[in-house]
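A.B. asks: Output the structure for:
(one chain, ligands or ions: 1)
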Amino acid sequence: MVLKLHNMGMTVYFDEHDPNSEKRREGQRASLAGLDYSPLPRVTKMSFMMGVLVSMGGLIFGYDTGQISGFLEMVDFLDRFGQTNSEGERYFSTVRSGLIVALLSIGTLTGALVAAPIADRIGRRLSISLWCIVTSVGFVIQIAAITAWYQVMIGRYVAGLGVGALSLLVPMYQAETAPPWIRGALVCAYQLFITMGIFLAACFNYGTEKNYPNSSASWRIVVGLGWLWTLILGVGILFFPETPRFDFRNGQAERAKRTLCKVYGTTPNHWSVYTQVEEIQMKLRAEDKIKVGPWREFTGMFRAPRMTYRILLGMGLQMFQQLTGANYFFYYGTTIFRSVQINSFITQIILNTINFVTTFLGLYMVEHFGRRKSLIAGSIWMFICFMIFASVGHFMLNLDDPALTPTPGVVLIVFACLFILGFATTWGPMIWTIQAEIFPSRYRAKGMALSTASNWIWNFNIGFFTPFITKAIDFRYGYVFAGCNILGALIVYFFVIEGQGRTIEEIDTAYLDHVTPWKSSKWIPPSPEEMARRRREAGTELDPEAIGDDDTTGGATRGQVDPDGPKVESSNDTSHRETV
Ligand SMILES: OC[C@H]1O[C@](O)(CO)[C@@H](O)[C@@H]1O
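C.D. replies: Numbers count the residues shown, from 1 in each chain. Here you go, the predicted structure:
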């Protein structure tokens, strides 16, 4: 959509979907003389490779969470780590299986919180490598277990530390590095890899249990294969640069600019890189005006402009991502569909395949329809699916003998699949994108850590309480999720600002400026002149040396770019309430 704004005498052209749009470049050209305005590649080799490599963190997530339900059904796993009942049969008590399953979630929660301050100190890139090592240690502890069930539990806790840390670091790395026009899709690729991980775990479990039914190879091979993903990510990331936002924050401006140029596929003299560098530096200046110690840094985060709002929003969205009810199917699908006498293993494979394949569609939707529209549509879709699912399950299925009501059984599966289609294209991937783009640089790691922790807490709650709840209210549990989906839609409508096509600095400005969320899709970021005026007012002018002076600069020189701020046609807009 091309917007033409007549703002007190100024005409601004802005195409929020296409950074290469002639209109957008035209608008910029009018503002900044002497820069390169040639079209940019949409996806560069660097951003593609980064998308694939870093998303391996998602594969580790999905693979680890997806494998355990299968282990609990494996003969050798049960023999080694189960208990014996009075008839001499092996079984897992609810407490023991619950602990083995849930310790991963406790570990992930801890990992997500601990990883933030470390990432702020040693950087995103080295942190990813470090937490891959921790995850691998968790795998060693599990594989080395002979008969001690608590060793498996400890191993899962340690692996969980790594998985949780990576669930914070990977989307953060992607969001801090990606160009705005593919940021949404790139962060969604993280979710795509989660779904791939769940799918692979289900397939490997099936394959190893079939081929090594009475041997420890059935589960040890599956755990061991996890090393492969951690090795690829932990070593591979070392061949990629640190994120430009972290580098700028830590005085590595030249390296940061080189990285931006690589992912944008251009030179520092291109208007997109030039304005991005300027924006990042300006934000850093504004944020760094307040200097405090580490503890005050944490508490101060809640007092920083609109941070409490954004933290609550991030945590709320992650909570509602879990309360969509997706893990009701992924964790308990086998049990749900066993009760309707349909081959549970096949059903699980079908659900996982739909989840994986349709997430690709999510990557497209996030950049073409935006976050807000997609999420609201997804919520309504999932609401309808759960209403039908719950009603058919409760009123039409004969719970005592499901074989007597085969048609409702099929309807249940169809609506479970349709639900997953809705989740995988919207709430599954897009919440990771939103939480990675709403926080300002200074508090991004900590803010994201709290929202990621919220995802894991609710993940744990769904995993742990679902058996008790379904026992009490059977399929009516679906109504609870249906209600939560409506609440989720309302939260998006009233509180989320559209981030499609915008830089993360522009999104920060939108939150600081109290842009009305339901009008935010049409919001025009402040003009360069307006930003220059704010800079002057806030005393955060840029050092002219900091921009446009790279060796690799092409045609334009610093002299051609006005350090006091780019020139615009005219603007009298003074409606912004807070400084950048
Ligand atoms: O694709 C389903 C998976 O996606 C998540 O919600 C993470 O985004 C997991 O909790 C779930 O198992």
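A.B. asks: Give the burial count for the closest residue to residue 265 other than its chain neighbours, as a bare number.
C.D. replies: The shortest distance from residue 265 to any residue that is not its chain neighbour, by C-beta to C-beta, 6 or more residues apart in numbering, is 3.9 Å, and that residue is residue 44. C-betas here are computed from N, CA, C, even on glycine. Around residue 44 there are 18 other residues, counting by other C-beta atoms under 10 Å.
A.B. asks: With residue 215 instead?
C.D. replies: Around residue 215 sit 15 other residues, with neighbours defined as other C-beta under 10 Å.
A.B. asks: what's the answer for residue 456, then?
C.D. replies: For residue 456, the tally of surrounding residues (other C-beta under 10 Å) stands at 25.
A.B. asks: Ok, residue 89 next?
C.D. replies: That count, for residue 89 with other C-beta under 10 Å as the rule, works out to 10.
A.B. asks: go on, residue 408?
C.D. replies: Residues contacting residue 408 under the criterion other C-beta under 10 Å number 18.
A.B. asks: three-state assignment of the most far-flung residue of the chain relative to its centre?
C.D. replies: The C-alpha centroid of the chain is most remote from residue 87, which lies 47.5 Å away (C-alpha atoms, centre = their mean). Assigned state for residue 87: coil (three-state reduction, DSSP: H, G, I helix; E, B strand; the rest coil).
A.B. asks: what separates it from the ligand, distance-wise?
C.D. replies: With the distance defined as C-beta to the nearest ligand atom, to the nearest Å, residue 87 ends up 35 Å from the ligand.
A.B. asks: got the phi/psi numbers for that residue?
C.D. replies: Main-chain torsions, residue 87, degrees, to the nearest 10: phi -90, psi 10.
A.B. asks: does the residue nearest to residue 265 really touch residue 260, like I thought?
C.D. replies: No - taking contact to mean C-beta atoms under 8 Å, the distance of 11.1 Å between residue 44 and residue 260 leaves them out of contact.
A.B. asks: helix, strand or coil for the residue nearest in space to the middle of the chain?
C.D. replies: With the centre of the chain defined as its mean C-alpha position, the nearest residue by C-alpha atoms, centre = their mean is residue 432, 2.1 Å away. Classification of residue 432 by three-state DSSP places it in helix.
A.B. asks: what's the closest non-adjacent residue to it?
C.D. replies: With C-beta to C-beta, 6+ apart as the criterion, residue 432 has its nearest non-adjacent residue at 4.8 Å, and that residue is residue 171.
A.B. asks: can I assume that neighbour sits in a helix?
C.D. replies: Yes - under three-state DSSP, residue 171 falls within a helix.
A.B. asks: Now do the strands in the chain.
C.D. replies: 2-7, 10-15, 83-84, 90-91 (DSSP state E).
A.B. asks: need the residues of this structure near the ligand, please.
C.D. replies: Of all the residues in the chain, those in contact range of the ligand (C-beta under 6 Å from any ligand atom) are 65, 191, 194-195, 321, 326-327, 330, 355, 428, 459.
A.B. asks: one more time with 5 Å, if that's ok
C.D. replies: When proximity is defined by C-beta under 5 Å from any ligand atom, the chain lies next to the ligand at 195, 330, 428, 459.
A.B. asks: for the protein, which spans come out with low pLDDT?
C.D. replies: Scanning the chain for pLDDT under 70 picks out 1-33, 288-297, 334-335, 338-345, 528, 535, 538-580.
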